[in-house]
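Student: test case, fold it:
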Amino acid sequence: MEYRNPKPTVDVIAEIEGGIVLIQRANPPYGWALPGGFVDEWERLEDAARRELFEETQLRVELTDLLYVYSDPQRDPRQHTISAVYIGKSTGTPIASDDAADARVFGLNDLPDKMAFDHRQILNDYLTFRATGLRPDPGKS
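Tutor: Reported below is the predicted structural model:
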């Protein structure tokens, strides 16, 4: 019997100079997104978060919080993924690389309209967390 399990992923909300870093995806699904990606076999989630941010933006990050774990089976149109979303502090200028077509710092009031995956919801949860200290309620779906 073959088991079909969700794939673990990570995303990073990298705070920098009063904004956050987003990448424009070079591959489908297109749109702006948090830097992130798939966790490699035998890799810790925290290490995957640091690696993915660096691969896509050339920035280092100090992880400060785990915002939430997102697991809606519809969050990624390609396959079922589960994402641990980290918050971290970074400095410097993002440089798009790997599978990022562009990388920029966006002010929290100037986020792009077109977001990939469920990243708009994640950013809404992040803004609530910053304002109130409250994370998403796991009892609500």
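Student: just the strands from this protein, written as ranges.
Tutor: Applying DSSP state E to the chain gives strands spanning 7-16, 19-25, 32-33, 36-38, 62-70, 81-89, 100-107.
Student: will you turn those into a markdown table that also has mean pLDDT?
Tutor: As requested, the strands of the chain are exported to a markdown table (pLDDT from 0 to 100):
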| stretch | mean pLDDT |
| --- | --- |
| strand 7-16 | 98 |
| strand 19-25 | 97 |
| strand 32-33 | 98 |
| strand 36-38 | 98 |
| strand 62-70 | 98 |
| strand 81-89 | 98 |
| strand 100-107 | 97 |
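Student: next, format those strands as TSV and append distance to Ala116 and mean neighbour count.
Tutor: C-beta coordinates here come from the backbone N, C-alpha and C atoms, glycine included. Formatted as TSV, the strands of the chain follow (distance: least, CB to CB, whole Å; neighbours: other CB atoms under 10 Å):
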stretch	distance to Ala116	mean neighbour count
strand 7-16	11	22
strand 19-25	6	22
strand 32-33	4	22
strand 36-38	10	20
strand 62-70	13	15
strand 81-89	12	21
strand 100-107	11	16
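Student: and those as TSV, adding distance to Asp118?
Tutor: Converted to TSV, the strands of the chain look like this (distance: least, CB to CB, whole Å):
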stretch	distance to Asp118
strand 7-16	10
strand 19-25	14
strand 32-33	10
strand 36-38	12
strand 62-70	6
strand 81-89	8
strand 100-107	17
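Student: nearest to Asp125, of those?
Tutor: strand 62-70 (6.3 Å; CB to CB).
Student: quick one: strands adjacent to that closest one?
Tutor: Strand 62-70 pairs in its sheet with strand 81-89 (antiparallel), by DSSP bridges.
Student: need the contact partners of the strand it pairs with.
Tutor: Applying CB atoms under 8 Å, 6 or more residues apart in numbering, the contact partners of strand 81-89 are 6-16, 34, 36, 38, 45-46, 49, 53, 61-71, 75, 122, 126, 129.
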